[in-house]
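**Student:** After the sequence you'll find the predicted model.
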2 protein chains.
Amino acid sequence: MTDRALSPRAQRLRDAGHKLTNARLAVLDALETGGGHMTSTEILNRVNARDASIGRASVFRALDLFTRLSIIRPTYIDSSMTPAYVMLPDGHHHHIICTNCNRVIEFEDCGLNRLAAELERRLNVQLTGHLLEFYGLCDRCAS
Amino acid sequence: MTDRALSPRAQRLRDAGHKLTNARLAVLDALETGGGHMTSTEILNRVNARDASIGRASVFRALDLFTRLSIIRPTYIDSSMTPAYVMLPDGHHHHIICTNCNRVIEFEDCGLNRLAAELERRLNVQLTGHLLEFYGLCDRCAS
DNA sequence: ATTCCCGGTGAGACATTGTATCAATTAGAC
DNA sequence: GTCTAATTGATACAATGTCTCACCGGGAAT
């Protein structure tokens, strides 16, 4: 199963020295096919629908790992109980969260590459991704 | 207790039509004196140290309220179990999270005002704040 | 100052979600 | 195929957020 075409993210996992296990690939697939924002419970359900033998713990471990690799990022959307995980397709993601109805509006083109480069130079860090969130009222709620 | 000098944030609460109760003021004080990033547990401890009669639920309710008012914002730093709440002093906050050691490095001046104004116009939204997070390795971990 | 009302509160049982432990398994290098 | 360290699954457990409901009190009106 090593030479089958790997998704770019799976490749990224391997390149970082991690094994491509069933559990990890299932979580990755759940994330990729599940739409933009998923809670851990939604991910668990989706993973177990595909392979019921995969354990709870492994799913959470995979989510932690992916977060460290900047493949996903947990963010608070409506409940403070559990985060929603968003994909960072090219290392970044941007959205607006309505503080009234919790609707999420995504947008592109944050123009932060320049800032990222400057921070890397000035602070001597190695940045792999970012998340930009705006808060406020969406068009429907702004009446 | 109405005419005592109110912190700008307390004023904001009242202006939005919410009561300035003991519980809310205690949570606000905990946040303001507690440093940048606090988990709910740290906030609870701090609030109860000041006034043991304040209940769990009210603290969480206050945190939800402040989030809706863009006074604070929950973000996941090391655990995905509980968020850390960051203040949005002028409606915004920016930091870098090290994906290896979870250190948080704050920085100023994101230059996002222009983008915010453009989004408001284009999408017909009313933005009250934003949070910008970069992920990567801090200077110590980048070796 | 007093009254009234409705938003807000506290207690605590409860539900949900994440983590620790550990023996068993497996990916991937050789 | 063999080996080994990384990873897993099961489960018990810990931590965290929410719900309900009777009661309270902030603050506007009077």
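**Tutor:** Perfect, I can see it now.
**Student:** The lengthiest strand in chain A: which residues count as buried?
**Tutor:** In chain A, with assignment by DSSP state E, the single longest strand is strand A:126-137. The neighbour-count check on strand A:126-137 (16 or more other C-beta atoms under 10 Å in any protein chain shown) flags A:127-137 as buried. Bear in mind the C-beta positions are built from the backbone N, C-alpha and C, glycine included.
**Student:** Could you do stretch A:50-70 as well?
**Tutor:** Under the neighbour-count criterion of 16+ other C-beta under 10 Å, stretch A:50-70 has A:54, A:58-60, A:62-63, A:65-70 buried.
**Student:** same check, this time on stretch A:80-96
**Tutor:** Neighbour-count burial for stretch A:80-96 flags A:80, A:82-88, A:91-96 (criterion: 16+ other C-beta under 10 Å).
**Student:** Can it be said to contact chain B?
**Tutor:** Yes - Stretch A:80-96 is in contact with chain B by C-beta under 8 Å from any C-beta of the partner chain, via A:80, A:83, A:96.
**Student:** Tell me who's in contact with the spatially most central residue of chain A.
**Tutor:** Centroid-nearest residue in chain A, with C-alpha atoms, centre = their mean: residue A:72, separated by 2.2 Å. Neighbour list for residue A:72: A:31, A:63, A:66, A:85-88 [criterion: C-beta atoms under 8 Å, 6 or more residues apart in numbering or on different chains].
**Student:** In TSV, list those residues along with secondary structure and pLDDT.
**Tutor:** Formatted as TSV, those follow (DSSP: H, G, I helix; E, B strand; the rest coil; pLDDT from 0 to 100):
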residue	secondary structure	pLDDT
A:31	helix	96
A:63	helix	97
A:66	helix	96
A:85	strand	96
A:86	strand	96
A:87	strand	95
A:88	coil	94
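**Student:** could you redo those residues as a markdown table and give each row distance to residue B:35?
**Tutor:** Converted to a markdown table, the contacts of residue A:72 look like this (distance: C-beta to C-beta, whole Å):
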| residue | distance to residue B:35 |
| --- | --- |
| A:31 | 34 |
| A:63 | 28 |
| A:66 | 29 |
| A:85 | 27 |
| A:86 | 27 |
| A:87 | 32 |
| A:88 | 28 |
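**Student:** Can you say which two of the residues you listed are spatially most distant?
**Tutor:** Within the contacts of residue A:72, two members stand farthest from each other by C-beta to C-beta: A:63 and A:88, at 13.2 Å.
**Student:** With respect to residue A:38, which of the contacts of residue A:72 is nearest?
**Tutor:** Nearest to residue A:38 out of the contacts of residue A:72 is residue A:85 (C-beta to C-beta; 5.5 Å).
**Student:** Tell me the bridge partners for that closest one.
**Tutor:** Per DSSP bridges, the residues bridged to residue A:85 are residue A:38, residue A:74.
**Student:** Wait, it touches residue A:43, no?
**Tutor:** Yes - Residue A:85 is within contact range of residue A:43, at 6.9 Å (criterion: C-beta atoms under 8 Å).
**Student:** quick one, strands of chain A?
**Tutor:** With DSSP E, the ranges of strands along chain A come out as A:37-39, A:72-75, A:84-87, A:92-98, A:104-106, A:126-137.
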